[in-house]
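1. model this:
(chains A and B)
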Amino acid sequence: MRRLTIDLWVGVFVTAGLIGLLVLALKVGNASSVSVSDGYVITADFDNIGGLKARAPVKSAGVVVGRVERIGFNNQNFRATVTMRIGNQFEFPKDSAVSILTAGLLGEQYVGIDGGGDVELLGDGDKVRLTQSAIVLEKVIGQFLYSKAAEAGSGN
Amino acid sequence: MDNALIRGLRLVGRLTVDGIWQIGATTRFMGMVLLRSGMTFRRFRLLMDEIYFAGALSLIIIIVSGLFVGLVLGLQGYETLKRYGSAEAVGTLVALSLVRELGPVVSALLFASRAGSAMTAEIGIMKSTEQLSAMEMMAVDPFSRVISPMFWGGFLSMPLLAAIFSATGIFGGYLITVVVIGVDAGAFWSQMQASVDLREDILNGVIKSIVFGAAVTAIALFEGYDAPPTAEGVSHAVTNTVVTSALAVLALDFVLTAFMFTGV
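-> Below is the predicted model:
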């Protein structure tokens, strides 16, 4: 009788532990979202990547289609090379444009892909030509001040 | 003057020798435990009893404390995040702090005081009443019959306890912020899922709890085996178990965190 109670409680404990792990993996974690391991790799050179980090999402029309895999620096042209892995089920034309965007005012940075009109599709290892860098706030403010000063100058 | 110097040097020497002896004895002890654990897995009953003792009997304290830790985290996080107008991020806060740190650490501390102290007392008393020697007289190896099953029971129970702790904690955070305060449930879960990574956060948390489980059980068993065979000796050993394993868990947590969550 005691034997059976022990078995029952051990069973309850182990099941509860496994359910806990499963809840953590499925409900709390993002195991069900796009998996990063399979898919094709594309690269893009940016003048400035701002605060982009590896594992940042790659989105098209707001849908997560992949992840940033690696960020490197190109010694030849002094630009940042961003390597992205895109899920196999997502296809983009060769002349698509990638840009670095910010989610909300203070949110994290992500890569956005805008589809082009080419008939040929991007494949594994391809390089995207059309890129738009991250917006650097200081530069924007600087430009704003310049244009204001120019306006004031022409007014006088 | 001269005497004091010599006494001081002697103290340093003794502490060094004691320390080295302690390290050697622990390593040898753990080696014996691991080498003679064959019987634990052949006679499954022994392991079941220990999992019942270390794991199933700790369920209540783990669930209740996990729930309350989650409730407090939810309340505090909400109060702070509200000021910045991002109360929905409270799900992220609760989940990340539980899965990465509080789950493994707090459940290891509870495990040390609930199960570790009992293991030390059991082995210490078996030793002081010469039950271990009696077993050897009957050609029963106390390592494979008593100590190894205890180690494996604790080792297997700890990650499960930590997972239960984190899961009930997150449920507690959900209860207080979504059900009581009224944060949007969809935002709570989706922000949490967007920022908790399966490998980076959850797997590392599980690895932490496995390391803590091994450390706490090993300390508890060694303290019990090493205890002087007197009532006072056993009581000291139990205190030592709780203090040493608490310090070991916190120090190991720092080391593991430094390796796991820094860089890129």
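2. what number of residues are in the vicinity of whichever residue of chain A sits closest to chain B?
-> Nearest residue of chain A to chain B: A:Gly17, at 2.6 Å (C-beta to the nearest C-beta). Heads up, the C-betas are built off the backbone N, CA and C, glycines and all. Look at A:Gly17: counted by other C-beta atoms under 10 Å in any protein chain shown, it has 24 neighbours.
3. what score does B:Ala231 have for pLDDT?
-> We have a pLDDT of 89 for B:Ala231.
4. mind giving me the packing neighbours of the longest helix belonging to chain A?
-> If you go by DSSP state H, chain A has its longest helix at helix A:2-23. Applying 3 or more C-beta pairs under 8 Å, 6 or more residues apart in numbering or on different chains; DSSP states H and E, we find helix A:2-23 packed against helix B:44-54, helix B:59-82, helix B:148-174.
5. hmm, who's touching the first one?
-> Going back to what we said before, that points to helix B:44-54. Residues outside helix B:44-54 that contact it (C-beta atoms under 8 Å, 6 or more residues apart in numbering or on different chains) are A:6-7, A:9-10, A:13-14, B:39-41, B:111, B:115, B:118-119, B:145, B:149-150, B:152-154, B:156-157, B:217.
6. which bits of chain A sit near chain B?
-> Within reach of chain B by C-beta under 8 Å from any C-beta of the partner chain, chain A has these residues: A:6-7, A:9-10, A:12-14, A:16-21, A:23-25, A:27-31, A:33, A:53-55.
7. surely A:Gly20 meets B:Ile164?
-> Yes. In this structure, A:Gly20 is within contact of B:Ile164 by C-beta atoms under 8 Å, at 4.3 Å.
8. what sits against A:Thr5?
-> Contacts for A:Thr5 (C-beta under 8 Å, 6+ apart) come out as none.
9. cool, and B:Ala227?
-> Contact partners of B:Ala227, counting by C-beta under 8 Å, 6+ apart, are B:120, B:123-124, B:127-128, B:233-234, B:236-237.
10. how about a cut-off of 10 Å?
-> Counting by C-beta atoms under 10 Å, 6 or more residues apart in numbering or on different chains, B:Ala227 touches B:120-121, B:123-125, B:127-128, B:233-238, B:240-241.
11. I'd like the helices and strands packed on helix A:2-23 as JSON lines, with mean neighbour count and mean pLDDT appended.
-> Converted to JSON lines, the helices and strands packed on helix A:2-23 look like this (neighbours: other C-beta atoms under 10 Å in any protein chain shown; pLDDT from 0 to 100):
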{"stretch": "helix B:44-54", "mean neighbour count": "20", "mean pLDDT": "89"}
{"stretch": "helix B:59-82", "mean neighbour count": "19", "mean pLDDT": "93"}
{"stretch": "helix B:148-174", "mean neighbour count": "26", "mean pLDDT": "93"}
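12. want to throw the ones you listed into TSV with distance to A:Arg2?
-> Formatted as TSV, the helices and strands packed on helix A:2-23 follow (distance: least, C-beta to C-beta, whole Å):
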stretch	distance to A:Arg2
helix B:44-54	10
helix B:59-82	18
helix B:148-174	17
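13. name the SS class of B:Val183, please.
-> Three-state assignment for B:Val183 (DSSP: H, G, I helix; E, B strand; the rest coil): coil.
14. number of nearby residues for it?
-> Look at B:Val183: counted by other C-beta under 10 Å, it has 23 neighbours.
15. my read: it touches B:Thr92, true?
-> No. Applying C-beta atoms under 10 Å, one finds B:Val183 not in contact with B:Thr92, separated by 11.8 Å.
16. what touches both of the two?
-> B:Leu81.
17. which outside residues touch stretch A:135-152?
-> Around stretch A:135-152, the neighbours that count as contacts under C-beta under 10 Å, 6+ apart are A:47-48, A:50-51, A:99-102, A:109, A:133.
18. let's see 8 Å
-> A:48, A:50, A:102.
19. run through the residues that contact the first one.
-> The contact partners of A:Asn48, by C-beta under 8 Å, 6+ apart, come to A:80, A:133-134, A:136.
20. same check on B:Asn240?
-> Contacts of B:Asn240 by C-beta under 8 Å, 6+ apart are B:120, B:223.
21. can you check which strand is longest in chain A?
-> Longest strand in chain A by number of residues (criterion: DSSP state E): strand A:63-74.
22. any regions of chain A where pLDDT drops low?
-> Residue ranges of chain A with pLDDT under 70: A:1, A:30-37, A:104-107, A:155-156.
23. quick test: name the residue nearest the centre of it.
-> A:Pro57 (2.1 Å; C-alpha atoms, centre = their mean).
24. wouldn't that one be in contact with A:Arg67 here?
-> Yes. The pair A:Pro57 and A:Arg67 passes the contact test of C-beta under 8 Å, sitting 6.2 Å apart.
25. assign residue 140 to helix, strand or coil.
-> All of this refers to chain A. helix.
26. could you do chain B instead?
-> Per three-state DSSP, B:Val140 ends up coil.
27. from chain A, how far off is it?
-> Plainly put, B:Val140 is 21 Å away from chain A if you go by C-beta to the nearest C-beta, to the nearest Å.
28. circling back: what's the following helix or strand after the longest strand of chain A?
-> strand A:79-86 (DSSP states H and E).
29. paired strands for that next one, with orientation please.
-> Using DSSP bridges, the strands paired with strand A:79-86 are strand A:40-46 (antiparallel), strand A:63-74 (antiparallel).
30. which residue does chain B have closest to chain A?
-> Counting by C-beta to the nearest C-beta, chain B gets nearest chain A through B:Leu160, at 2.6 Å.
31. is it true that that residue touches A:Val14?
-> Yes. Using C-beta under 8 Å, B:Leu160 makes contact with A:Val14 at a distance of 6.6 Å.
32. if we can go back for a sec, for the residue nearest to the centre of chain A, give me phi and psi.
-> With angles defined as degrees, to the nearest 10, A:Pro57 sits at phi -70, psi 150.
33. who touches it in this structure?
-> Applying C-beta under 8 Å, 6+ apart to A:Pro57 gives the contacts A:64, A:66-68, A:110-111.
34. residues contacting the residue nearest to A:Ser96 when sequence neighbours are not counted?
-> Spatial nearest neighbour of A:Ser96, excluding adjacent residues (C-beta to C-beta, 6 or more residues apart in numbering or on different chains): A:Gly116 at 4.6 Å. Under the criterion of C-beta under 8 Å, 6+ apart, the contact list for A:Gly116 reads A:92-97, A:130.
35. redo the residues you listed as CSV? Include secondary structure.
-> Below are the contacts of A:Gly116 laid out as CSV (three-state DSSP):
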residue, secondary structure
A:Phe92, coil
A:Pro93, strand
A:Lys94, coil
A:Asp95, coil
A:Ser96, coil
A:Ala97, strand
A:Leu130, strand
